[in-house]
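Enquirer: Predicted model and sequence below, questions to follow.
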Amino acid sequence: MGKIYIAFLACLVISCKGDAQKTDTTTKEDTEKIIVHQEYLGDEPTTPEGTEFYEPVPPTVVPGANGTPPSDAIVLFDGSNFDQWVSTNDSTAVAWHLNDDGSTTVKDKSGDIQTKRNFGSMQLHIEWRSPAEIQREGQNRGNSGIFLQNKYEVQVLDNNDNDTYVNGQVGSIYKQTAPLAKASVPSGEWNTYDIIYHAPEFNASGDKIKSARVTVIHNGVLIQDHVEIKGTTPFIGWPKNPAHGDGPLRLQDHGDNSRVSYRNIWVREL
Ligand code: MG
């Protein structure tokens, strides 16, 4: 093990001597990479079987067809009821509209809704649409939002022919990170968000020691690529970083009759 490591470093030194440019570009990270590589492999195997592992065996997950949940998903909304949800205002029953087509539509000024259950890191699938009938402009057209752990908003907005500040447009981490692309379908049609979220970590003193990160795929298009979430996503002010544990998933009633609808919401815990 040690021999290979020494040989590796020796090669590095030799190549550095022969090429001044390489000396300059050898970083601490490069050295660490070499060490990790060497520790993982140990003495280099000399047979094909030496690099073939049979445990631990990953679980089998039966994928859903056409956006339906995979076999190990926690179904949060399938159109039949609000059993998994409460009103954010007062923890009473959800007042949003339950539609015949398996969706729910925000009931204006009834407040946000949130899951009864708390989540940490997760894979989230959620579908949403803004009304086909166009109303108002900017942030007041088809505005809702998906708050991860009740704190970090992935923006939902009808941005079609409707510009706004880019870090508040559809698919943004609200007031933080603009999406890499605007990938919405026409107003009135169903959008999908597939979100991979890694929760932040805090130490015993309540200081953040690891930021949350999020990846968002909008209608199959990568729009947030493992982006650092800098903190909460307020309308006014900088992101804040209060210590927290697992939290509910919350959906926004923007309070301006935006009439955004949701359907087919499921989570896989990570
Ligand atoms: Mg919003």
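Expert: Cool, the structure landed.
Enquirer: Low-confidence stretches in the chain?
Expert: Residue ranges of the chain with pLDDT under 70: 1-41.
Enquirer: The residue of it at minimum distance from the ion: which element?
Expert: Closest contact between the chain and the ion, by Cβ to the ion, is at residue 145 (3.2 Å). Bear in mind the C-beta positions are built from the backbone N, C-alpha and C, glycine included. Using DSSP states H and E, residue 145 sits in strand 144-148.
Enquirer: Spell out which parts of the stretch 51-200 of the chain neighbour the ion.
Expert: Within the stretch 51-200 of the chain, the positions near the ion by Cβ under 5 Å from the ion are 143, 145.
Enquirer: now residue 154: how far from residue 145?
Expert: Counting by Cβ to Cβ, to the nearest Å, the gap from residue 154 to residue 145 is 7 Å.
Enquirer: Tell me the spacing between residue 123 and residue 251.
Expert: Taking Cβ to Cβ, one finds residue 123 at 17 Å from residue 251.
Enquirer: what's the answer for residue 114, then?
Expert: Going from residue 114 to residue 251 by Cβ to Cβ gives 7 Å.
Enquirer: Who has more neighbours out of the two?
Expert: Applying other Cβ atoms under 10 Å to residue 114 and residue 251 shows that residue 251 carries more neighbours, namely 26 against 22.
Enquirer: Surely the more buried one touches residue 146?
Expert: Yes - here residue 251 reaches residue 146: they are 6.3 Å apart, a contact under Cβ atoms under 8 Å.
Enquirer: Excluding residues flanking it in the chain, which one is nearest residue 63?
Expert: residue 70 (5.2 Å; Cβ to Cβ, 6 or more residues apart in numbering).
Enquirer: Might you report the residue contacts of that neighbour?
Expert: The contact partners of residue 70, taken as Cβ atoms under 8 Å, 6 or more residues apart in numbering, are 61, 62, 63, 64, 266, 268.
Enquirer: Just say helix, strand or coil for it.
Expert: Counting by DSSP: H, G, I helix; E, B strand; the rest coil, the backbone at residue 70 sits in coil.
Enquirer: what's the domain layout of the protein?
Expert: 2-51, 74-269 (automatic domain parsing).
Enquirer: Now do the helices in the stretch 1-150 of the chain.
Expert: Under the criterion DSSP state H, counting those that start in this stretch, the stretch 1-150 of the chain contains helices at 2-18, 20-25, 28-41.
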